[in-house]
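Visitor: Next one to model:
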Amino acid sequence: MLVVITIIALFSAVAYQKLAPALDQGRQTAAKTQIESLKAALQRFNIEHGRFPNQEEGLQSVRPYLDKDIPLDPWQNAYVYRFPGEHGSEPDVLSYGADGEPGGEGVNTDVTSWQ
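Guide: Take a look at the predicted model:
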């Protein structure tokens with residue numbers, strides 16, 4: 001019985017190592033999709049009000065333009081909203097990735113509205 005449990009554990013470890021990169025890529029894709037949805041809601045707010053929400057109003061002000069509540073990013077952190085944005089005339093919306101810190105590489109790469 002112990003041998004069977006050991007073999008199952010080994011297969012599970014190998015399978016996880018193969019699937020982990022796909023899971024990380026899926027989280028980054030989900031963050032990009034959510035940011036695009038937030039950008040669309042920001043555009044609707046801008047059309048209706050003639051301006052983007054200021055920093056104090058933040059993303060919560062676009063809740064009426066979304067089907068659901070403002071999501072957390074795939075790593076369970078709040079999206080960062082900056083207006084005025086640092087990358088053009090539109091607001092910046094970003095996720096700091098898996099580490100929750102600015103910058104980073106791989107799974108820790110920031111997912112942004114301007115790239």
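Visitor: Low-confidence stretches in the chain?
Guide: Scanning the chain for pLDDT under 70 picks out the ranges 15-20.
Visitor: how much space between the residue nearest the centre of the chain and residue 1?
Guide: What sits nearest the mean C-alpha location of the chain, by CA atoms, centre = their mean, is residue 31, with 3.0 Å. Using CB to CB, to the nearest Å, residue 31 is found at 43 Å from residue 1. For glycine as for every other residue, the C-beta is placed from the backbone atoms N, C-alpha and C.
Visitor: for residue 52, same thing?
Guide: Taking CB to CB as the measure, residue 52 falls 63 Å from residue 1.
Visitor: what's the answer for residue 45, then?
Guide: Shown here: residue 45 relative to residue 1, a distance of 61 Å by CB to CB.
Visitor: Compare the two (neighbour count), which wins?
Guide: Using other CB atoms under 10 Å as the criterion, residue 45 and residue 1 rank with residue 45 on top: 21 against 5.
Visitor: What residues does the residue nearest to the more buried one when sequence neighbours are not counted make contact with?
Guide: Nearest non-adjacent residue to residue 45, counting by CB to CB, 6 or more residues apart in numbering: residue 62, 5.1 Å away. For residue 62, the contact set (CB atoms under 8 Å, 6 or more residues apart in numbering) comprises 38, 41, 42, 44, 45, 53, 70.
Visitor: and residue 62, helix, strand or coil?
Guide: Under DSSP: H, G, I helix; E, B strand; the rest coil, residue 62 falls in the helix class.
Visitor: any chance of the contacts of residue 62 in TSV, with distance to residue 85 and secondary structure too?
Guide: Below are the contacts of residue 62 laid out as TSV (distance: CB to CB, whole Å; DSSP: H, G, I helix; E, B strand; the rest coil):
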residue	distance to residue 85	secondary structure
38	13	helix
41	15	helix
42	10	helix
44	17	helix
45	14	helix
53	12	coil
70	18	coil
